[in-house]
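Novice: here's my sequence, what's the structure:
(one chain, ligands or ions: 1)
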Amino acid sequence: MVMTNFADYTEVEEKARTTMAPDIWSYVSHGAGDEFTQSNNVAAFRKLSLLPRMLRATDQRDLSVELCGIVLPTPLFLAPVGVIGLCDPQGHGEIATAQAAARTGVPMMASTMAVDPLETVASHFGDTPGMFQLYTPTDRDLAQSLVHRAETAGFRALVVTLDCWQTGWRPRDPSLTNSPRLRSECLANYLTDPVFQKLLPASPDNDASVAMDTWNSIFGNRLTWDDMAWLRSLTDLPLILKGICHPDDVRRAKDVGVDAVYCSNHGGRQANGGLAAIDALPGVVAAADGMPVLFDSGVRTGADIVKALALGATAVGIGRPYIYGLALAGADGIVNVLDALLRETDLMMALDGYPSIAELTPEAFLPTGG
Ligand code: FNR
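Specialist: Predicted structure coming up:
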């Protein structure tokens, strides 16, 4: 296994490319359309410049945050990745990610799509809280069952992804059509679910394609605002809506009783041609008006984390950087990536004179006109 020092995202990405199976690499690295949004997510951070403040440095920085009643030692979290199981050299990436979460205190958002069932994943969290990300199936009983299992397994929040009821147009990624394993090997949460099992038609030889067909028939639920009361009724856990970028959607989400919104464009994998997520963040934060805002898409460095926090994110998620860390060195690789990102975040806050996250506000940026 190639251990890596996470000094440079591009270098880690390139190293991972040489070790990952080509279909998995293709699925992870590509985005929607000509990848305008995916590139924009990263480029937009480069257009934001922080201004240092002097004579305010302290020995220690306080990186802790509170998210829906959950106190976290740092503002980072591991965004949900449906194929994370397959990105691990040992083929159990959810478990490796959960172990990295236990070692670092950085929480994992576990995707519905998984190689290992959510109960097994949660058993590796240690004292670090976990969040469950639901792809809401069209079958309401199955949705209820998955949420109930997540509650019983000890997950501390439910994250519902809204921007992926159908896969985006990804012409640069042939694996979507050529590599059925990317889906069929990530169905553990469905195959272990009593409601899903009842949906399976009798198949004498346990044909995997039968499970795949059944999954295909229930996966994509085009939720609307009319479904929100039902969704809210599923759980008393904090409910977080992922994929919210428009201020009006934030206000409606607040009205239907969600606990937090998650500003993200799925790392540019779903709808192409859109605003960089970091450029959508200020509008989301303003509309949230005190409600927590999670953020991801395009975060590659500690500097990016500091910028997202300064624009009002309560917590900042990373996707591809930790996938590549995992691919290179399993749980150690993820710990390595998180360690490097957090060290840079802490050092930037120190050198720029922001001893706590509370002090990081939009005033940390170069004032316009001034
Ligand atoms: C994702 N993402 C994702 N999101 C989600 O809600 N459920 C999921 O199962 C997945 N699966 C998934 C697979 C892969 C390979 C990637 C790269 C991403 C989106 C993810 O949670 C996050 O929004 C983006 O990865 C953030 O962008 P960056 O950090 O990858 O640029």
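
Novice: spell out which parts of the stretch 1-150 of the chain neighbour the ligand.
Specialist: By Cβ under 6 Å from any ligand atom, the residues of the stretch 1-150 of the chain that approach the ligand are 27-28, 41, 79-83, 111, 113, 133. Bear in mind the C-beta positions are built from the backbone N, C-alpha and C, glycine included.

Novice: now with 8 Å, please.
Specialist: Where proximity means Cβ under 8 Å from any ligand atom, the interface of the stretch 1-150 of the chain facing the ligand comprises 27-29, 38, 41-42, 79-84, 87, 109, 111-113, 133, 135.

Novice: can you pull the buried residues of stretch 282-296?
Specialist: Neighbour counts using 16 or more other Cβ atoms under 10 Å place 283-285, 287-288, 291-296 of stretch 282-296 among the buried residues.

Novice: revised request: answer the last question for stretch 131-138.
Specialist: In stretch 131-138, the ones that count as buried by 16+ other Cβ under 10 Å are 131-137.

Novice: among these, name the ones in strands.
Specialist: 131-134 (DSSP state E).

Novice: how far away is the residue in the stretch 151-300 of the chain positioned nearest to the ligand from Ile318?
Specialist: Among residues of the stretch 151-300 of the chain, the one nearest the ligand by Cβ to the nearest ligand atom turns out to be Gly267. It sits 2.6 Å away. The gap separating Gly267 from Ile318 is 10 Å, by Cβ to Cβ, to the nearest Å.

Novice: what sits in contact with each of the two?
Specialist: With contacts taken as Cβ atoms under 8 Å, 6 or more residues apart in numbering, Gly267 and Ile318 have 79, 296 as neighbours in common.

Novice: how many neighbours does the closest residue to Val71 other than its chain neighbours have?
Specialist: Leaving aside its chain neighbours, Val71 sits nearest to Ser64 (6.4 Å; criterion: Cβ to Cβ, 6 or more residues apart in numbering). By the other Cβ atoms under 10 Å criterion, the neighbourhood of Ser64 contains 13 residues.

Novice: what does Thr235 give?
Specialist: The burial count assigned to Thr235 is 18, neighbours taken as other Cβ under 10 Å.

Novice: now the one 4 residues further on
Specialist: When counting by other Cβ under 10 Å, one arrives at 23 neighbours for Leu239.

Novice: now Thr120
Specialist: 17.

Novice: ok, Thr10 next?
Specialist: 8.

Novice: using PDB, write out every CA atom in the helix or strand hosting it.
Specialist: Secondary structure from DSSP states H and E places Thr10 in helix 9-19. Listed next in PDB are the C-alpha coordinates belonging to helix 9-19 (Å, rounded to 0.1, in the frame of the first residue of the first chain):
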ATOM      1  CA  TYR A   9      -4.600  17.400  -3.500                       C
ATOM      2  CA  THR A  10      -3.600  17.100  -7.200                       C
ATOM      3  CA  GLU A  11      -0.700  14.800  -6.200                       C
ATOM      4  CA  VAL A  12      -2.900  12.600  -4.000                       C
ATOM      5  CA  GLU A  13      -5.500  12.400  -6.800                       C
ATOM      6  CA  GLU A  14      -2.900  11.400  -9.300                       C
ATOM      7  CA  LYS A  15      -1.400   8.800  -7.000                       C
ATOM      8  CA  ALA A  16      -4.900   7.400  -6.300                       C
ATOM      9  CA  ARG A  17      -5.600   7.200 -10.000                       C
ATOM     10  CA  THR A  18      -2.700   4.800 -10.400                       C
ATOM     11  CA  THR A  19      -3.900   2.500  -7.700                       C
END
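
Novice: what's in contact with it?
Specialist: 2, 4, 6, 25, 29, 89, 300-301, 320-321, 323-325, 327-328, 337.

Novice: what's the answer for stretch 82-98, then?
Specialist: By Cβ under 8 Å, 6+ apart, the residues outside stretch 82-98 that reach it are 1, 19-21, 24, 27-28, 78, 81, 108, 110-116, 120-125, 130, 181-182, 185-186, 188, 322-323, 326-327, 329-331, 334.

Novice: among the residues you listed, which lie within strands?
Specialist: Within the contacts of stretch 82-98, residues falling in strands by DSSP E are 78, 110.

Novice: now the buried members of the contacts of stretch 82-98.
Specialist: Using 16+ other Cβ under 10 Å as the threshold, 20, 24, 27-28, 78, 81, 108, 110-116, 120-122, 124-125, 130, 182, 185-186, 188, 322-323, 326-327, 329-331, 334 are the buried ones among these.

Novice: among these, which are in helices?
Specialist: Per DSSP state H, helices hold the following members of those: 24, 27-28, 120-122, 182, 188, 322-323, 326-327, 329-331, 334.

Novice: pLDDT check: weakest of those?
Specialist: In terms of pLDDT, the lowest of these is Leu182, showing 93.

Novice: so who does that residue touch?
Specialist: The neighbourhood of Leu182, defined by Cβ under 8 Å, 6+ apart, consists of 23-24, 27, 83, 86, 175-176.

Novice: please enumerate the strands of this structure.
Specialist: Per DSSP E, the chain has strands spanning 65-67, 70-72, 76-78, 109-110, 131-134, 157-161, 239-242, 260-263, 293-295, 315-318. These are given in chain order.

Novice: anything in the longest one near the ligand?
Specialist: I take that to be strand 157-161. Yes - using Cβ under 8 Å from any ligand atom, a contact is recorded between strand 157-161 and the ligand, made by 159, 161.

Novice: run the chain-centre distance for that strand.
Specialist: Going by Cα atoms, centre = their mean, to the nearest Å, the spacing between the C-alpha centre of strand 157-161 and its chain's C-alpha centre is 10 Å.
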